[in-house]
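Novice: okay, sequence plus prediction incoming.
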Amino acid sequence: MRRITGVLFGLLFALSPAYPQTITASAQTTIVVNTTPVTGGSNGQCLTISSGVVGSGACGSGGGLTVGTSTITSGTTTRILYDNAGVLGEYTLTGTGTVAVMQTSPTLITPVLGVATATSVAIGGCTIGTDVLCTTGTTTLNGKTTVAGASFVLSGNISAAAWTTSGIRYANVAATMTDTSSSGTVAAAYTDVFGGNTVAASSAATFTNYYGAYIKVPVAGTNVTLTNAWALGTEGINIVGQANSNAIKETGYSLTGSNAQSLLDLSGTLNTTGSPDVFALRVTNTASGGSTKLLNLYGGVSGTNSNFSVDMFGGLSLNGSVQTASNVLFTTNAGIIQLRNSNTILSSPASATLQFGAADAASPVAQITKVQNVVAGTSNTAGANWTFNGSQGTGTGAGGDIIFQTAKAGTTGTSQNALAAAFTVKNTGVIQNNVVFSAAGTPLPTCNGAAEGSRGAVSDALTPTFLTAYTSGGTTHASVYCDGTSWKTD
């Protein structure tokens with residue numbers, strides 16, 4: 001005989017291999033063993049099965065439930081019976097409800113974790129501490145995850161095999177984003193959105209520099225050399241700036257030692273039949289101050305000297321020099337244009353003055369002014385004219401003369417000798433000798449082979465005769481000619 005005590009609700013088990021029986025209890029506490037209902041019995045009595053006949057009677061000295069060879073004489077609150085290889089035992093339960101979960105490797109179908117105060121879940125052997133949820137290992141979330149009213153923090157050291165370009169701290173794996181509602185042209189769209197937060201304070205506060213997102217450069221650790229440490233890398237960027245603020249601003253650039261990195265380093269490749277603007281700056285000038293610059297490059301010790309600027313109308317201002325590949329040098333601080341080398345310079349030493357050659361020096365370099373020639377190897381081709389134009393007048397106003405000046409030798413000294421007009425091409429077409437020689441005034445220079453062909457004007461010729469030697473002491477004004485030996489009147 002087998003003896004069962006206690007109140008049974010939905011208990012299903014096999015009594016023994018020799019007597020397989022099923023015991024159920026209905027809501028009306030009617031106990032059915034196989035097909036035999038047991039409706040009688042008194043409270044506190046034991047259910048008995050003898051030779052397949054179910055009955056009830058006084059409980060024996062065991063005072064409990066006997067299954068097989070196991071006799072359970074009492075139970076413990078919040079525990080459940082279980083069959084362990086034919087031996088009946090108890091499992092400890094926690095919580096409330098009508099569903100029991102075994103401790104080791106349970107399979108939960110759509111479980112509901114209760115929301116209770118000061119509860120927490122530790123998964124994968126994680127040391128939870130004071131956290132609400134702690135996991136060890138890879139966690140996959142299939143669905144939208146929202147962190148509401150709190151910070152999203154990544155912390156802790158990571159050791160892993162080489163991750164190269166796959167990412168290690170935060171790895172956003174490329175995926176396909178399918179828009180299920182848009183059609184036609186969409187003005188803008190974002191895959192990931194950062195910032196846009198309203199920053200408030202409990203009391204008045206001024207933030208000199210505030211960033212919606214700030215990315216720091218990586219720091220080289222043990223056994224690592226970072227040739228270039230970049231805080232951010234991107235395959236393309238489009239900056240939509242805010243009104244009345246800088247779109248891009250760099251303030252931390254600094255070089256020490258022998259470093260020579262560029263503040264801005266751009267590179268690319270053109271392999272196109274198109275005509276792109278490699279660098280395009282487009283500014284709509286609805287209104288601006290008169291000294292507004294489209295571009296202004298500053299330098300100097302304090303970084304405040306405007307060395308090159310472009311105004312809103314395309315005007316250039318240069319405080320320095322421009323060197324080209326063909327050795328053409330433009331410089332403004334010395335007022336020169338250098339062509340070919342330092343000996344071929346066009347300068348402006350004074351207002352409305354154009355000078356061939358560099359600034360005055362102890363050993364000035366002779367200059368040659370010429371026009372384009374016919375290239376050698378071209379047969380019987382005439383050269384081009386070189387025309388010098390005097391200033392044009394209007395109406396009855398005379399045109400300007402073309403004046404040639406020279407500086408005669410003076411007395412011993414270090415001062416520059418004064419320039420004086422040597423001859424003038426008058427606006428009337430007359431060539432005027434501006435120096436009139438005389439024995440008492442400015443004597444004629446020596447006539448020799450080197451001076452042959454020279455001409456001059458004298459004011460003291462004595463009875464001049466054509467092609468006879470000039471003799472001073474008279475009062476006749478005449479022209480004279482050097483024949484390589486002496487001055488002759490002509």
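Specialist: Received it, and whenever you're ready, just let me know what you need.

Novice: number of nearby residues for the residue lying closest to residue 291 once chain neighbours are set aside?
Specialist: Using CB to CB, 6 or more residues apart in numbering and skipping residues adjacent in sequence, the residue nearest residue 291 is residue 311, 7.9 Å away. For every residue, glycine as well, the C-beta is placed using N, CA and C. Residue 311 has 16 neighbours, counted by other CB atoms under 10 Å.

Novice: also residue 456?
Specialist: 20.

Novice: which neighbouring elements make contact with the helix or strand where it lies?
Specialist: In the assignment (DSSP states H and E), residue 456 maps to strand 455-461. Packing partners of strand 455-461 (3 or more CB pairs under 8 Å, 6 or more residues apart in numbering; DSSP states H and E): strand 431-433, strand 436-437, strand 476-482.

Novice: the last one to strand 455-461, inter-axis angle?
Specialist: Strand 476-482 and strand 455-461 meet at an angle of 140 degrees, taking axes from the mean of the first three to the mean of the last three CA atoms, to 10 degrees as the criterion.

Novice: now do strand 476-482: everything it contacts.
Specialist: Counting contacts by CB atoms under 8 Å, 6 or more residues apart in numbering, the residues outside strand 476-482 that touch it are 436-437, 444, 447-448, 451-464, 470, 487-490.

Novice: what does the first one give?
Specialist: Contacts to strand 431-433, defined as CB under 8 Å, 6+ apart, come from residues 422, 423, 424, 425, 426, 455, 456, 457.

Novice: in PDB, could you pull the C-alpha coordinates for stretch 339-346?
Specialist: This file holds the C-alpha atoms of stretch 339-346, laid out as PDB (Å, rounded to 0.1, in the frame of the first residue of the first chain):
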ATOM      1  CA  LEU A 339      62.300  88.700 -62.800                       C
ATOM      2  CA  ARG A 340      64.600  85.800 -63.400                       C
ATOM      3  CA  ASN A 341      67.100  86.800 -60.600                       C
ATOM      4  CA  SER A 342      68.100  89.400 -58.100                       C
ATOM      5  CA  ASN A 343      69.800  91.500 -60.800                       C
ATOM      6  CA  THR A 344      66.600  91.900 -62.900                       C
ATOM      7  CA  ILE A 345      64.200  93.900 -60.700                       C
ATOM      8  CA  LEU A 346      61.500  96.400 -61.400                       C
END
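
Novice: avg pLDDT for that stretch?
Specialist: Averaging pLDDT along stretch 339-346 gives 83.

Novice: now do stretch 422-441
Specialist: Averaging pLDDT along stretch 422-441 yields 93.

Novice: on that earlier part again, correct me, but the residue nearest to residue 291 touches residue 289?
Specialist: No: judged on CB atoms under 8 Å, residue 311 makes no contact with residue 289 at a distance of 10.8 Å.

Novice: so, low pLDDT: which residues of this structure?
Specialist: Across the chain, the ranges flagged by pLDDT under 70 are 1-79, 86, 88, 92-119, 327, 332-334.

Novice: okay, now the domains of it?
Specialist: Following automatic domain parsing, one finds the domains of the chain at 2-92, 293-318, 420-490.

Novice: so what's residue 472 up against?
Specialist: The contact partners of residue 472, taken as CB under 8 Å, 6+ apart, are 438, 439, 458, 460, 461, 462.

Novice: which residues of the stretch 351-490 of the chain fall in strands?
Specialist: 355-356, 402-406, 420-425, 431-433, 436-437, 455-461, 476-482, 487-489 (DSSP state E, counting those that start in this stretch).

Novice: give the partner strands of the second one in its sheet and their orientations.
Specialist: In this case it means strand 402-406. The pairing partners recorded for strand 402-406 under DSSP bridges are strand 420-425 (antiparallel).

Novice: now do the strand it pairs with: distance to the chain's middle.
Specialist: How far strand 420-425 lies from its chain's middle: 64 Å, per CA atoms, centre = their mean, to the nearest Å.

Novice: give me the contacts around that strand.
Specialist: By CB under 8 Å, 6+ apart, the residues outside strand 420-425 that reach it are 390, 401-408, 431-435.

Novice: so for that strand, what gets flagged as buried?
Specialist: Residues 423, 424 are the ones in strand 420-425 that count as buried (16 or more other CB atoms under 10 Å).

Novice: next one: stretch 220-230
Specialist: For stretch 220-230, using 16+ other CB under 10 Å, no residue counts as buried.

Novice: next one: it to chain centre, how far?
Specialist: The gap between where stretch 220-230 is centred and where its chain is centred comes out at 21 Å by CA atoms, centre = their mean.

Novice: alpha carbons of that stretch, as PDB, please.
Specialist: C-alpha atoms of stretch 220-230 as PDB (Å, rounded to 0.1, in the frame of the first residue of the first chain):
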ATOM      1  CA  ALA A 220      49.900  56.100 -26.900                       C
ATOM      2  CA  GLY A 221      50.200  53.400 -24.300                       C
ATOM      3  CA  THR A 222      52.700  50.700 -23.500                       C
ATOM      4  CA  ASN A 223      54.700  49.500 -26.600                       C
ATOM      5  CA  VAL A 224      52.700  51.800 -28.900                       C
ATOM      6  CA  THR A 225      53.900  54.600 -31.200                       C
ATOM      7  CA  LEU A 226      51.300  56.700 -32.800                       C
ATOM      8  CA  THR A 227      52.800  58.400 -35.900                       C
ATOM      9  CA  ASN A 228      49.600  60.400 -36.400                       C
ATOM     10  CA  ALA A 229      47.100  60.600 -33.600                       C
ATOM     11  CA  TRP A 230      43.700  61.700 -35.000                       C
END
